[in-house]
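Engineer: Show me how the following folds:
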Amino acid sequence: MPPIPQRKPFSFEPKQIQETERPFIAYEHPTIITYINSVKENVIRYKNKKSKYTQHDDYIKELFSNDTIDLKTQCNAIVSYISESFIHYSVWDFSHAYYPGRPSQQTAKIDAMEGTSRTLPTLAAWLHANGKENTYIIGLNKKPINVPDVLRHAFLAGTNPHHKGFWGQLHDYDQRTCESADLALALWMSKEWVWDYFSNVEKQQITTWFKQVNHCKTVDNNWHLFVLTVQLILKNLTGDNHIQYQKYQRIKEFYVGDGWFRDGAKGNYDYYNAWAFHYSLYWFTQIEPEFDADFIRSSLSDLVANYRYFFTTKGLPFFGRSACYRLAATVPLLAAVDLQNSTISIGEAKRAFSTNLKYFISNGALQAGIPTQGIFGDDPRLVDNYSGPASSLWSLRALNIALFCGDKINLWQAEETLLAIEKENFEFDIPSINMKVIGIFDTQEVITIFKNEYIQDQSPLSRRLLSSPSWRLWFEIITGRANRPKNNLLRKGVTCYSSKMGRFF
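Structural biologist: Numbering: from 1, shown residues only. Okay, the predicted model is just below:
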């Protein structure tokens with residue numbers, strides 16, 4: 001077992017990061033035109049929406065409740081479950097998918113674009129792992145899904161300005177810049193079966209759409225990684241080098257040590273370190289192995305040295321935004337194994353990944369063919385206003401890495417080994433983010449405590465999860481636009497989080 005990170009006496013002085021002025025973002029300041037457009041797109045959504053695809057909900061829940069089922073069978077079942085429902089909900093040559101659920105602040109069409117952009121990487125990762133022998137996913141309904149065909153149709157439709165499924169012209173601070181990174185990643189992973197089959201004219205059409213990111217401004221936070229992902233992939237596929245290295249340098253300015261990034265000059269320290277920062281940086285190492293390899297590997301190693309202690313077989317101390325991405329919390333552990341990092345063994349990473357899936361899915365985290373908008377089932381209190389019905393598909397990011405490198409790292413055959421909490425008590429500090437981590441062996445509980453206040457003005461009532469009044473729900477139904485209370489507990493002044501996750505029940 002690797003040693004517990006050394007406890008060091010210290011006086012917390014947060015790293016000073018130069019701030020930039022917060023830009024004016026249109027969707028955060030809706031006008032009457034915003035609402036008119038939202039209503040129009042909402043009408044189109046209702047015309048194209050399908051019935052909830054719940055046929056296999058009980059099966060997938062029971063599969064992850066059965067300790068005798070091996071991990072590879074379970075992961076393949078998730079792929080079949082997700083793929084089959086995507087076919088059900090998709091429209092316009094698989095370029096969009098109208099999933100059921102609470103809308104975001106974007107239009108219903110952008111929410112539907114997420115339904116495609118956040119599913120295709122899973123299909124592509126499966127294809128990367130299996131395509132040499134088989135290119136058909138067999139759904140849980142026993143019907144075959146031709147994965148290259150789905151991907152080819154989606155890319156050609158989405159990038160064609162004359163097609164109904166066109167993903168549109170990008171503008172500054174556009175959600176589609178975020179989605180372009182997932183789409184580019186799917187294209188890169190599947191290039192042998194998809195990109196290589198396109199004609200030169202089709203390739204030009206696709207790259208023209210992606211190159212829009214070169215000219216679009218983003219919010220000054222983890223979003224720089226989306227642009228860089230697209231640019232690295234376009235360089236790999238076409239040889240054109242338009243990488244904006246200044247964006248990467250800005251990402252490194254957010255690094256505070258111990259593997260942790262601050263999400264913007266005044267952003268949070270939360271699980272975006274796992275499923276945004278280190279997820280993207282892992283893919284950088286796969287797309288262009290020499291791209292700042294020393295920093296990427298060392299920062300990941302430093303994170304995993306403390307982060308591996310967060311995991312139990314029944315939950316984790318969850319803090320921050322985007323609770324619906326919870327299945328992706330183990331991204332850094334799998335990435336570290338693939339990058340041959342000595343801070344964690346394949347057995348421990350496998351156990352964290354496996355038990356994280358089992359705990360949430362056996363308690364209802366997959367419903368209607370998609371990860372739910374909550375921690376377990378759907379929970380409107382936990383749905384951020386920027387999250388739409390398909391946003392929770394980011395929960396598949398750990399699965400994507402497992403599919404992509406599972407055979408290479410012997411993930412499927414490796415024996416699970418005990419997590420740190422299953423061996424002993426522990427207590428240590430993470431100085432860079434002023435956090436104390438405590439593990440209690442007898443209760444199998446991990447507790448994380450931020451040792452400084454995020455906000456001074458708070459009360460017992462302000463530190464609770466708020467529910468939406470009924471009028472907000474009706475407003476969302478009519479306009480197709482989110483109008484929910486903000487419930488990031490970190491920003492409400494909650495400093496202590498337990499793996500037993502009682503605040504979310």
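
Engineer: Name the helix or strand of the protein that has the lowest mean pLDDT.
Structural biologist: Least confident helix or strand, the chain: helix 470-479 with a mean of 92, by mean pLDDT, DSSP states H and E.

Engineer: Alpha carbons only: can I get that one in PDB?
Structural biologist: C-alpha atoms of helix 470-479 as PDB (Å, rounded to 0.1, in the frame of the first residue of the first chain):
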ATOM      1  CA  SER A 470     -44.300  24.300  -8.500                       C
ATOM      2  CA  TRP A 471     -44.400  27.500 -10.600                       C
ATOM      3  CA  ARG A 472     -40.700  27.000 -11.600                       C
ATOM      4  CA  LEU A 473     -41.600  23.500 -12.900                       C
ATOM      5  CA  TRP A 474     -44.400  24.800 -15.000                       C
ATOM      6  CA  PHE A 475     -42.200  27.600 -16.300                       C
ATOM      7  CA  GLU A 476     -39.700  25.000 -17.400                       C
ATOM      8  CA  ILE A 477     -42.400  22.900 -19.100                       C
ATOM      9  CA  ILE A 478     -43.700  25.800 -21.000                       C
ATOM     10  CA  THR A 479     -40.500  27.600 -22.000                       C
END
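
Engineer: Check which helices and strands that helix is in contact with.
Structural biologist: helix 32-48 (3 or more C-beta pairs under 8 Å, 6 or more residues apart in numbering; DSSP states H and E). The way it works is simple: take the backbone N, C-alpha and C, and place the C-beta from them, glycine included.

Engineer: list the helices and strands the helix or strand following the least confident helix or strand of the chain packs on?
Structural biologist: Following helix 470-479 in sequence order, the next helix or strand is strand 496-498 (DSSP states H and E). Other elements packing on strand 496-498 under the criterion 3+ C-beta pairs under 8 Å, 6+ apart are strand 445-450.

Engineer: If you count neighbours, what's buried in the strand it packs on?
Structural biologist: 445, 446, 447, 448, 450 (16 or more other C-beta atoms under 10 Å).

Engineer: Go through those residues and name the one nearest residue 264.
Structural biologist: residue 450 (17.4 Å; C-beta to C-beta).

Engineer: Give me the nearest residue to that closest one, chain neighbours excluded.
Structural biologist: residue 495 (4.4 Å; C-beta to C-beta, 6 or more residues apart in numbering).

Engineer: One more: residue 427?
Structural biologist: residue 438 (5.0 Å).

Engineer: Kindly report the same for residue 436.
Structural biologist: In space, residue 436 is closest to residue 449, 4.6 Å off (C-beta to C-beta, 6+ apart).

Engineer: Tell me if I'm right that the one you found and residue 495 touch.
Structural biologist: Yes - between residue 449 and residue 495 there is a contact under C-beta atoms under 8 Å: 5.9 Å.

Engineer: Mind listing the shared neighbours of these two?
Structural biologist: Residues touching both residue 449 and residue 495 (C-beta atoms under 8 Å, 6 or more residues apart in numbering): none.

Engineer: still on that earlier bit, which one of the buried residues of strand 445-450 is nearest residue 275?
Structural biologist: Of all those, residue 275 sits closest to residue 448, with 17.1 Å by C-beta to C-beta.

Engineer: so what's the closest residue to that closest one other than its chain neighbours up against?
Structural biologist: Counting by C-beta to C-beta, 6+ apart, the nearest residue to residue 448 once its immediate chain neighbours are dropped is residue 317, at 4.3 Å. With contact taken as C-beta under 8 Å, 6+ apart, residue 317 is in contact with 310, 446, 447, 448, 497, 498, 499, 501.

Engineer: Spell out the secondary structure type for residue 317.
Structural biologist: coil (DSSP: H, G, I helix; E, B strand; the rest coil).

Engineer: pLDDT wise, what is it at?
Structural biologist: Looking at residue 317, its pLDDT is 98.

Engineer: Equivalent analysis for residue 448, please.
Structural biologist: We have a pLDDT of 98 for residue 448.

Engineer: my read: it touches residue 311, true?
Structural biologist: No - the criterion here is C-beta under 8 Å, and residue 448 misses it with residue 311 at 11.8 Å.

Engineer: and residue 461, how many neighbours?
Structural biologist: 8 (other C-beta atoms under 10 Å).

Engineer: My assumption is that it lies in a strand; please confirm.
Structural biologist: No - applying three-state DSSP, one finds residue 461 to be coil, outside a strand.

Engineer: Next, give phi and psi for it.
Structural biologist: phi -70, psi -30 (degrees, to the nearest 10).

Engineer: Tell me, what's the model's pLDDT at it?
Structural biologist: Looking at residue 461, the pLDDT reads 88.

Engineer: How about residue 306?
Structural biologist: 98.

Engineer: pretty sure residue 256 belongs to a strand, no?
Structural biologist: Yes - checked against three-state DSSP, residue 256 lies within a strand.

Engineer: distance of it from residue 361?
Structural biologist: If you measure residue 256 against residue 361 using C-beta to C-beta, to the nearest Å, the figure is 33 Å.

Engineer: Tell me which of those two has more neighbours.
Structural biologist: Of the pair residue 256 and residue 361, residue 361 is the one with more neighbours under other C-beta under 10 Å, namely 25 against 16.

Engineer: Find the nearest non-adjacent residue to residue 38, please.
Structural biologist: residue 481 (4.4 Å).

Engineer: So what's the residue count around the one you found?
Structural biologist: When neighbours are counted by other C-beta under 10 Å, residue 481 registers 24.

Engineer: middle-most residue in this structure, spatially?
Structural biologist: residue 394 (3.1 Å; C-alpha atoms, centre = their mean).

Engineer: which SS class is that one?
Structural biologist: Secondary structure, three-state DSSP: residue 394 is helix.

Engineer: if I pick it, what's in contact with it?
Structural biologist: Taking C-beta under 8 Å, 6+ apart, one finds 118, 275, 322, 324, 325, 328 in contact with residue 394.
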